[in-house]
Each structure stands twice: as C-alpha cells, then as structure tokens.
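> with the input below, show me the fold.
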Amino acid sequence: MQLSSDFLSRIKDSNRIDDIMRQYVTLKRSGHIYKCLCPFHSERTPSCTVYPDSESFYCFGCGAGGDVITFIMKIENLDYIEAVKYLAEKSGIPMPEDGYTDRNAQIKKRTLEMNREAARFFYQNLKTPDGKEGLEYLINKRRLLPETIKSFGLGVATNHWTSLTNHMLSLGYTKQELMAASLITEKNGRWFDFFVNRVIFPIFDLRGNVIAFSGRTLEKESKGMKYLNSRGTPVYEKSKTLFALNFAKNTSVKSGRLILCEGNVDVISLHQAGFTEAVATCGTAITSEHARLMSQYCNEVYICYDADEAGQKATTSAISILTAAGIKTKVVKIAGDGVKDVDDYLNKLGAERFKLLLNGSQGAVAFELNKCQNGLDMDSELGKVEYLKRTVSVLAGIESKVEREIYISKLAQDYGVPKEALSLEVAAYIKKQSRSDQKKEWKKIESGFNRRDSINPDAQSHPKEAKAEEGIIAYVLIHPDSAKRVFQALPTDRFITSFYKKVYEKLAKCCENGEEVSLTALGGEFSPEEMGRISYILARSRDITIDSAALEDYIKVLMNASNTAQPASAMSDDEFLEYYNKLRQSK
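Next up is the predicted model:
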C-alpha cells in the first residue's frame, strides 16, 4: 500500500513518540531527551534513548531504533501496514482506500478463520462418542462446569490421526495453509493432525480471536509430551502471549493485580472460582515481553507457581523479570495440606481458603529472604552468619531506599547485629554490582559495534567512505530544507556502500517527488533492523557538529573515492574524526 507523505505526517503528528512509548515503558527525562530500560532486551541500566525533536528512538544496547511506526511494529509484533493502521485507529485517522490488499494481512485473516473453525470442531467433538473421554476428564477430574467449558471454548482432539485434517480440507483450506497455521503436520509425505487424543485449550488474543491451541494428553501413560502447544504462526508468538488475558484484563484494570499461574487448568479453575485476574504463559518461561504486557493492566502480580523445586526457581526468575518491568510482586505459597497445585488446592480446600491464602501472601523480598535459609541450620551461629551473608544480595536488590532500610533494621534486630555493619555490607555490594552491571552493559554495546556488520557489510571494506556516508545521511535528515542542494551536489552513484546508497536514493526520491525527507519516509522501504541502523546514525550525529562545512568534507571523501577501491583496514570513530579534522585543515 502506497501511503502519502501527508498521511504519514498526520500519523506521526497525532502519535508523538514519547507519548506512545510511555504507554509501554517508564520514561525519565534527561534534558531534552528521555531515557528508559529497553523493552526489546533485558537490562538493568537504561540504554534506550528517546529523541522528541526527531521523533525517533535508539537503544545503544541492542541496536533497536526507528520512528513511532517502527516502535509499534516491534512492540506489537506487527508488519508496517498493520502498525500504521494501529496508530491510525488510535488517533481516529481513516486509512486511505486504494483497492490494495496487503498479503500479510490476508494471511493473518485466513489463519484466524482456520483457527476459529478448528476451535468449533474441537468443541463439537465433546458431544460425540469419540470425545467422551475428554469430556469426562474436564468434568470429573478437573471439576469444570459446562458454562466454564463453553466460555473458554474447551474441546477435544479425538484419537484419530486425520479427523481435523479431513474436516478442514472439506472447508476449502489447503494442506500448506493448515501446516502454516500449526493445525496439521507432515511426516514421510503423509499429513496428520497436529493434536491427537488431547484435551484442547484455545488461546485467544486480546480481541477474542483464537490464535493458537494447547493440548493436554489423554493417554494415561504417555511417553510423549504431556502438554503440546501450537508452533509459532503468523498470528501467534508464545513469548508475547498470555493465556486468558482476554478474560482477565478488564478485572485486572479495576483491581490493579494479575494472578500468574503455571498452567491453563489452574487459570480456568481460578476463573471458575471467581478469581478472574488469573493468567499463565503458554508453554514457556516468563519473558520481558510478558512483563511489559502485564504492566499495561496491573501494577502488582501474585505469583502462584507450584511448590516444587522447579516452581520455586521459576518464581525467582519471575520476580526478577517483573520487578525490572516496574511491577510489584507477591508470592502465593501453594504447599501443605496435601495439595500440589492451584487446581488441587481449590478442589480440596475451596475458594474461601484460597482467598485467605492470597491475602496472606508474601512480598517478593520476604520470599527471597526465606529462601536464603535453605540448607542452613538456623539454630547454630554458623548458620545465622551464613544466612546474613546471603541476605546482603537480596537487600541490595531492593530499589526503594526506605524499604531497604526497613528490612536492614528488622534483620539486624532479629539476629542481634549492629545495623551499621549490615548497612555497610549492603552498600559495598551495591557499589560492586553497579560497576559490574556497567561493565556488562558496555561490553554488550562494544560487542554490538565490533561484530560483523550484517546491515551494511560493505562498511568493513570502505570504513572512511561509510563514515562519510553516515554524515551525509545525518545532515539530510537533520536539515531537510537543504536536502535538494545536497542531492544536486552529490549524485547517488557516488555512494560506495550498498545499504547507505539505498537509504540515500530513497531520500533523494522523496525530495524529487516533493515529499517529506524524514525518518518516517523510510519506514515502508526498510526493515525494523535497518531502521535501527538509520536511527543509530541520527543518534551518533548528536556527538559531533554536522554543519555545511562538515558536509562539504563528507562529500569530498566520496567524490575522491573510487568504487573499485581496495579494501581498507577498519577505522575507528576516533581515527575518522582525526582524518576529518585533517581534511578541514587542508582546505
């Protein structure tokens, strides 16, 4: 779809990048810019910068960057046109109609249609003799009510290898489409249902569309996987999806909390019992994307994982990820009374007892401090000393200074040690950890700059010319009013590296057509990764003055260069600045 420059300008003006990003991350002002923890990789030190003046962002840690459309593409997992539509709807701007049908949108629409038909098929199977075992499992073993089964669209994949395949083919879908939607699979040239002899749990997006399925085996002694989840498809990415969030989001916005469980059955049982804020990840550990998603609907998460060792490790990981996203956490202790998980607890002890359990749940700090006692003899002096040593890292991890002081005072009093001594240990640990974190973040940044350049591989062979090209592109984007003069002075064929040449050609075409010369004008032509590189050029340009004199020097580098030049040795930024200054002095 060809979008006009005027339309894209309206989208950008109605969706300021700092306003949009603030809905996903916590922005902190630093002069005329904002900084935040990058939502696209895990970090403790903010390396993502937002530039309101250029309506762009760039992360110096992972290289993500671009304009507001690029940000929505990455954060919402959308393609370019879908991201533009998302922002247009958000700001009440109608999309232009030109009869064009976006292929990716059509594929996604078709996939959702297939999923809806498959969900109906699985649900109807519950009413057949072949689906009796699945229905008995849900009603007798899991004690789910008919209205719950219907509300969540639960179903069963019968113990036949091609029943869904035959049904979907009869509706006109192709084997290739069904394969791409993770509804069927292929082996040795034969096609089979992806889910066989399993209870089926549809997975919905926030709009209520069926985007995937999770299947629990009905085999009593299964040698395969107990749970099987859909593969990634055009509409489903498990690292960014939470089971039942479509049901939980409205309640969680009001209550300010979500209950994070391990499995689908736990979630459904909680909803049936009246705890409608329950969600779960879909066959994967919690990710920063999950945390970012939850932060849009709540400010506190009750972690309700199993009491076994694996569950406790998962709880610790979840606390870390959720805390990094600015979410408060509490840990619900499902243990004792002969119960093994949330569903078991509700069936044996009831909803009222679970409500009391929620109300008495530990904060994350208390949970971590209790864990420090594992394996220690707390009646011995050695055990107490070792315990206090272990608590230092937990205390140092508390962001709030007031909260940290309260815990330090309590521990010092409980174990008869001077508060000052414990405070000094914690302060020393924080200082050491801060230096370590900074080194790690800087190493990430350095490794990002030093690894092979996959975006513009020609730059390694022509470092001087690549640096000059970056300067010219930056000048054109910073001074769009002077762009025409630049394009007249430097033909596009003088660019040496292929990627920067493509960027320059696109900007020249915009100028020739009387369109806006801007970062947004490039979005439809370049991938999010490529937009990140262009945003890097803009971000780096703030460290040096790129005026008309500098532009002339950059042009001189390219005009004197040969397209068949021999590969040069790599030139660092400092070396190029030195070279650049020599050029200016020689004028």
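> tell me where the stretch 451-587 of the chain has helices.
463-478, 483-489, 498-512, 528-541, 548-560, 573-585 (DSSP state H, counting those that start in this stretch).
> how about the strands of the stretch 201-350 of the chain, start to end?
Using DSSP state E, counting those that start in this stretch, the strands of the stretch 201-350 of the chain run over 210-217, 227-229, 242-243, 257-261, 278-281, 300-304, 328-331.
> what does the last one contact?
With contact meaning C-beta atoms under 8 Å, 6 or more residues apart in numbering, strand 328-331 is reached by 299-303, 315, 318-319, 322-323, 361-364, 366-367. All C-beta spots, glycine's among them, are computed from the backbone N, C-alpha and C.
> what's the local residue count around residue 84?
23 (other C-beta atoms under 10 Å).
> next one: it from residue 542, what distance?
Counting by C-beta to C-beta, to the nearest Å, the gap from residue 84 to residue 542 is 28 Å.
> repeat that for residue 116.
Applying C-beta to C-beta to residue 116 and residue 542 gives a distance of 49 Å.
> quick one: contacts for residue 197?
Contacts of residue 197 by C-beta under 8 Å, 6+ apart are 157, 158, 159, 217, 218, 219.
> quick check, nearest of those to residue 178?
residue 157 (13.8 Å; C-beta to C-beta).
> check contacts around that closest one.
122, 125, 163, 164, 193, 195, 196, 197, 198, 200, 215.
> need the max-distance pair from those residues.
Largest pairwise distance in the contacts of residue 157, by C-beta to C-beta, is 13.7 Å, between 163 and 215.
> which residue ranges of the stretch 201-350 of the chain form helices?
245-255, 264-272, 288-295, 309-324, 342-349.
> just the buried members of the contacts of residue 197?
157, 158, 217, 218 (16 or more other C-beta atoms under 10 Å).
> need these in TSV with pLDDT, can you?
Formatted as TSV, those follow (pLDDT from 0 to 100):
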residue	pLDDT
157	97
158	97
217	95
218	95
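> from these, which is closest to residue 263?
Nearest to residue 263 among those, with distances taken as C-beta to C-beta, is residue 217, at 13.4 Å.
> list the beta-bridge partners for that closest one.
residue 198 (DSSP bridges).
> contacts only, for it.
197, 198, 224, 225, 226, 227, 228.
> hmm, 10 Å instead?
By C-beta atoms under 10 Å, 6 or more residues apart in numbering, residue 217 lies in contact with 157, 195, 196, 197, 198, 199, 223, 224, 225, 226, 227, 228.
> residue 299 now?
Residue 299 touches 252, 256, 257, 258, 326, 327, 328, counting by C-beta under 10 Å, 6+ apart.
> among those, which two are most distant?
Between any two of the contacts of residue 299 (C-beta to C-beta), the greatest distance is 15.5 Å, for 252 and 326.
> of the two, which one has the most company?
Applying other C-beta under 10 Å to residue 252 and residue 326 shows that residue 252 carries more neighbours, namely 24 against 14.
> distance of the more buried one from residue 327?
Taking C-beta to C-beta, one finds residue 252 at 12 Å from residue 327.
> buried stuff in stretch 126-140?
Of the residues in stretch 126-140, those buried (16+ other C-beta under 10 Å) are 126, 131, 134, 135, 137, 138.
> tell me how far the helix or strand hosting residue 106 is from the chain's mean position?
Taking DSSP states H and E as the definition, residue 106 sits inside helix 103-125. With C-alpha atoms, centre = their mean, to the nearest Å as the basis, helix 103-125 stands 25 Å off its chain's centre.
> packing partners for that helix?
helix 80-91, helix 132-136, strand 155-157, helix 163-170, helix 175-180, strand 198-204, strand 210-217 (3 or more C-beta pairs under 10 Å, 6 or more residues apart in numbering; DSSP states H and E).
> quick check: mean pLDDT of that helix?
For helix 103-125, mean pLDDT rounds to 93.
> just want the angle from that helix to helix 80-91.
Calculated by axes from the mean of the first three to the mean of the last three C-alpha atoms, to 10 degrees, helix 103-125 forms an angle of 80 degrees with helix 80-91.
> would you mind writing the CA trace of helix 103-125 as CSV?
Taking C-alpha atoms only, helix 103-125 is exported to CSV below (Å, rounded to 0.1, in the frame of the first residue of the first chain):
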residue,chain,number,x,y,z
ARG,A,103,-0.8,-10.0,1.6
ASN,A,104,0.4,-10.4,5.2
ALA,A,105,-2.9,-9.1,6.5
GLN,A,106,-4.7,-11.6,4.3
ILE,A,107,-2.6,-14.5,5.6
LYS,A,108,-3.3,-13.5,9.1
LYS,A,109,-7.0,-13.2,8.4
ARG,A,110,-7.1,-16.6,6.8
THR,A,111,-5.2,-18.1,9.8
LEU,A,112,-7.7,-16.7,12.2
GLU,A,113,-10.5,-18.1,10.2
MET,A,114,-8.9,-21.6,10.2
ASN,A,115,-8.3,-21.4,14.0
ARG,A,116,-12.0,-20.4,14.6
GLU,A,117,-13.2,-23.4,12.5
ALA,A,118,-10.8,-25.7,14.3
ALA,A,119,-11.9,-24.5,17.7
ARG,A,120,-15.5,-25.2,16.7
PHE,A,121,-14.6,-28.7,15.6
PHE,A,122,-12.8,-29.5,18.8
TYR,A,123,-15.7,-28.1,20.9
GLN,A,124,-18.3,-30.2,19.0
ASN,A,125,-16.1,-33.3,19.5
